[in-house]
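A.B. asks: This is a predicted model, with the sequence first.
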Amino acid sequence: MWVRERFGKSLFLDFLSPETFRVYSAYPERLREIIAANPGRTDIVLDEIQKVPQILSVIHSLIEERKDLRFIMTGSSSRKIKKTGADLLGGRAVNVSMHPFMASELGGSFSLEAALETGLLPLVRFAGEPGQTLAGYLALYVKEEVQAEALVRNIPAFARFLEAVSFSHGAVLNISGVARECAAERKTVEGYLKILEDLLLSFQVGVFGKRAKRKLVEHSKFYFFDAGVFRSIRPKGPLDRPQEIDGGALEGLVAQHLRAWIDYRGKANRLYYWRTPKGLEVDFVVYGEDGLFAFEVKNTARIRPENLRALEAFKKDYPEAECVFLYRGVERLKTGNVLCLPCGEFLQGVKPDRLLLIGR
């Protein structure tokens, strides 16, 4: 969507088109011919580049020969490119991550409740029936990306894995536990998790342990890349608590905003979490050139003293940190060393051209 708007007058090759895919898979050198026939068009967009990885060698050659050409290559998976050993254009290309919408991009049309329910994917956001579009998103992805690329042999087993791993969203990842839940081998589950990451459907957050003063856990936390996608995968029924699902969606929504902010800002910042074996946990820690920020996220309208204990412990270990409690209330408060902010207000203030805290 963004590429078509930004580079609307460029040469555009869509490898989702069966005819285009067939032609360039058989004869990737055709790219040279179409560029030669359009000398005035120096921007070339290649959509779903991972479907024709062999064309990267032609692009590499063209980059070396003609400095006036600019290639914009988009894709939803890096797995096939890596698997085939294709030319990765090392040193000749810039990698840009594109995330779901940020609240600040939507401005006044942003709704925290809607974002928690259906997420912030452009495809879903602009759909006439967002709920139905979201429901079909996963089925389409499994069919077109997982099954069509033969990434897994047993699609029903992969579907069971998706349901089982949804319970790990926002939690420390226990691979053995997920394997038991979906009746699969541990190595199979490890492979499935790698597929999710390669398809950009999930990410993991590691432990912040710099200058650690106490023992910390070692396992990563798991998240789906969009709160709406998580909600569409997570089972719902009489035994599933709505509050728990809402809390996972809220934490995931904050996570995806922090990831987007880090990538779009373009500075050396990274996302972590902090947890001790005794159970003290800070949901997110952002550390890098822009400072040290710690965030605790709770799906509650009231602030209780126990909600702030982990942040206070983190502040004690890291006095330099800005500690923030994000909640569903409406007031900005300062409790001790912790700044308490309404979650929606915070998300709307997350912009790549500024620091994370509102008013700074």
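C.D. replies: The structure has been received and is ready for your questions. Numbering: from 1, shown residues only.

A.B. asks: Tell me the neighbouring strands of the helix or strand where Ile72 lies, and mark each as parallel or antiparallel.
C.D. replies: The secondary structure element spanning Ile72 is strand 70-74 (assigned by DSSP states H and E). Paired neighbours of strand 70-74 in the sheet (DSSP bridges): strand 43-47 (parallel).

A.B. asks: Okay, and the closest residue in space to Gly336 that isn't next to it in sequence sits in which element?
C.D. replies: Nearest in space to Gly336, with sequence neighbours left out and distances taken as C-beta to C-beta, 6 or more residues apart in numbering, is Glu312 at 6.6 Å. For glycine as for every other residue, the C-beta is placed from the backbone atoms N, C-alpha and C. According to DSSP H and E, Glu312 maps onto helix 309-317.

A.B. asks: Now do the domain split for the protein, please.
C.D. replies: Structural domains annotated on the chain: 2-83, 103-348, as defined by automatic domain parsing.

A.B. asks: highest average neighbour count across those domains?
C.D. replies: Scoring those by mean neighbour count under mean count of other C-beta atoms under 10 Å gives domain 103-348 as the most buried, with a mean of 17.

A.B. asks: what's near enough to touch Glu163?
C.D. replies: By C-beta atoms under 8 Å, 6 or more residues apart in numbering, the residues touching Glu163 are Cys182, Ile233, Arg234, Pro235.

A.B. asks: Thr335 too?
C.D. replies: Applying C-beta under 8 Å, 6+ apart, the residues near Thr335 are Ile303, Leu308, Phe325.

A.B. asks: run the last query once more with 6 Å
C.D. replies: Contact criterion C-beta atoms under 6 Å, 6 or more residues apart in numbering gives no residues in contact with Thr335.

A.B. asks: Helices of the stretch 251-360 of the chain, start to end?
C.D. replies: 309-317, 343-348 (DSSP state H, counting those that start in this stretch).

A.B. asks: which other helices and strands contact the shortest one?
C.D. replies: Contact analysis of helix 343-348 by 3 or more C-beta pairs under 6 Å, 6 or more residues apart in numbering; DSSP states H and E lists helix 103-106 as its packing neighbours.

A.B. asks: I'd like the distance from the next helix or strand after the helix it packs on to the chain centre, please.
C.D. replies: Once the chain leaves helix 103-106, the next helix or strand it forms, by DSSP H and E, is helix 112-118. Here helix 112-118 shows a centroid-to-chain-centroid distance of 17 Å under the convention C-alpha atoms, centre = their mean, to the nearest Å.

A.B. asks: who's in contact with whichever helix or strand comes after helix 112-118?
C.D. replies: Past helix 112-118, further along toward the C-terminus, the next helix or strand under DSSP H and E is helix 122-125. Residues lying outside helix 122-125 but in contact with it, judged by C-beta under 6 Å, 6+ apart, are Met1, Thr118, Pro130, Thr133, Leu134.

A.B. asks: Please repeat the previous calculation with a cut-off of 10 Å.
C.D. replies: Helix 122-125 is touched from outside by 1-2, 98, 100-101, 105-106, 109-110, 114-115, 118-119, 130-137, 140, 226, 228-229, 232, with contacts defined as C-beta atoms under 10 Å, 6 or more residues apart in numbering.

A.B. asks: Let me see the mean pLDDT of that helix.
C.D. replies: For helix 122-125, mean pLDDT is 90.

A.B. asks: list the helices and strands the following helix or strand past it packs on?
C.D. replies: For helix 122-125, the following helix or strand on the C-terminal side (DSSP H and E) is helix 130-141. Helices and strands touching helix 130-141, by 3 or more C-beta pairs under 10 Å, 6 or more residues apart in numbering; DSSP states H and E, are helix 112-118, helix 122-125, helix 155-165, helix 227-233.
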